[in-house]
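K.L.:
Give me a model of this one.
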Amino acid sequence: MVTMNRNKVVIVGTGQVGSTAAFAIVTHGLCNELVLIDHSAGKALGESHDLDDGSEFQDRHVKVRNGDYGDCKDADIVVITVGRKPPANSTRLDELGFTIGLVGDVVDRVMASGFNGVIVMVSNPVDVMAWYAWKRSGLPRTQVLGTGTALDTSRLKTIIGEETGLDPRNVGGFVMGEHGDSQFTAWSTVSLGGKPFTRFLSDNADRFSSVSTHEIEEKTRTRGNEIVAAKGGTNFGIASTVAGIVQTILWDERRIVPVSTLLDGEYGERDVFLGVPTELRANGANEIVELELADDELAKLHHSAELVRSYCEGLAVAADRHDSFFPPDRLYGETP
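P.N.:
Next up, the predicted model:
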């Protein structure tokens with residue numbers, strides 16, 4: 001007897017990030033049904049029709065439609081991308097005061113539907129917002145995660161590929177910590193073709209004498225800002241990241257991805273969400289893979305945790321101030 005394996009993804013927020021993530025999910029045929037929710041129902045309807053109209057030329061048909069929060073009840077994954085286009089020269093943490101009211105409202109509406117799947121947080125500052133969604137939703141720690149430093153890790157590999165001329169997929173390793181200015185490259189984990197990257201550079205000093213790990217790390221940290229300055233926001237990189245996370249969870253791939261997840265004693269930290277290598281399964285952030293970091297890397301992780309935690313500690317006040325705020329203008333999901 002053939003049984004039907006159905007899965008459903010909901011994306012809340014159909015700005016540049018949300019709509020591009022929807023496109024990535026559809027083109028890869030990751031689920032059976034994709035539902036779009038936006039403050040502007042007309043925007044969600046337009047995006048759903050536009051996505052569905054190309055089904056003739058997709059490898060697999062994904063049913064795309066606009067919906068409401070009642071659709072979250074039987075969803076496997078809810079992706080939250082609400083936010084606004086970041087002002088010039090702002091940091092991701094600067095977005096906290098605006099985003100907190102949006103995310104609180106969305107989480108409340110999602111949970112009121114009876115949702116018991118996995119929340120994937122994309123809204124910035126993503127580590128703080130993932131922590132807040134976990135606290136507010138009451139879901140187990142495995143079922144709430146943020147995109148974390150997954151995109152930053154991909155950027156690191158891309159930049160190493162640019163500097164060496166080699167395929168970025170040959171690069172292993174992780175960017176860890178906050179998805180923001182305090183992130184760091186864990187160079188002790190970075191390899192190229194299986195060889196530690198610093199050893200690779202020293203063994204090929206005649207070819208790569210101009211390549212600097214310091215410059216690579218700085219380029220990785222500022223890549224998002226450069227894109228925002230050039231085109232007003234980022235959408236393709238983060239959309240691919242979201243699609244990869246969705247695929248890993250829906251297909252129970254057990255892939256290790258540096259998502260933002262709750263630390264509960266790992267690395268000596270508690271009650272804070274940070275981007276760390278994590279095994280993703282059908283239940284979400286199944287298990288943190290705790291690495292043996294160098295002393296300076298562990299110090300950077302603690303600094304990142306302290307910074308993120310400081311914002312979380314003040315979140316109750318911000319929540320009281322913005323809890324009923326749901327802006328009349330269109331929701332965006334701009335997440336460099």
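
K.L.:
Write down the beta-bridge partners of the residue lying closest to K300 once chain neighbours are set aside, one by one.
P.N.:
If the residues on either side of it in the chain are set aside, K300 comes closest to F184, at 4.2 Å by C-beta to C-beta, 6 or more residues apart in numbering. (Glycine included, C-beta is placed from N, CA and C.) As for beta bridges, F184 partners with M176 under DSSP bridges.

K.L.:
pretty sure F184 contacts A305?
P.N.:
No: F184 is beyond contact range of A305, at 11.7 Å (criterion: C-beta atoms under 8 Å).

K.L.:
Quick check: neighbours shared by those two?
P.N.:
Taking C-beta atoms under 8 Å, 6 or more residues apart in numbering as the contact definition, F184 and A305 share the neighbouring residues G177.

K.L.:
Show me what the helix or strand encompassing V79 packs onto, helices and strands only.
P.N.:
For V79, the element it lies in under DSSP states H and E is strand 77-80. Here strand 77-80 is seen to pack against strand 8-12, helix 96-112, strand 118-121, helix 236-250 when contacts are counted using 3 or more C-beta pairs under 8 Å, 6 or more residues apart in numbering; DSSP states H and E.

K.L.:
Of the ones you listed, which is nearest R223?
P.N.:
Ranking those by their distance to R223 (criterion: C-beta to C-beta) puts helix 236-250 first, at 8.5 Å.

K.L.:
Same question for R65, what's its three-state structure.
P.N.:
R65 carries the three-state label strand when classified by DSSP: H, G, I helix; E, B strand; the rest coil.

K.L.:
right, and it touches G46 too?
P.N.:
No: using C-beta under 8 Å, R65 is not in contact with G46, being 11.9 Å away.

K.L.:
thinking again about what came up before, what's near enough to touch the residue nearest to K300?
P.N.:
Contacts were defined as C-beta under 8 Å, 6+ apart; by that measure F184 touches V175, M176, G177, E217, E297, K300, L301, S304.

K.L.:
what number of residues lie near the fourth one?
P.N.:
What it means is E217. Neighbourhood size, E217 [other C-beta atoms under 10 Å]: 18.

K.L.:
Over to the last one?
P.N.:
When counting by other C-beta under 10 Å, one arrives at 25 neighbours for S304.

K.L.:
Check the fifth one too.
P.N.:
By the other C-beta under 10 Å criterion, the neighbourhood of E297 contains 20 residues.
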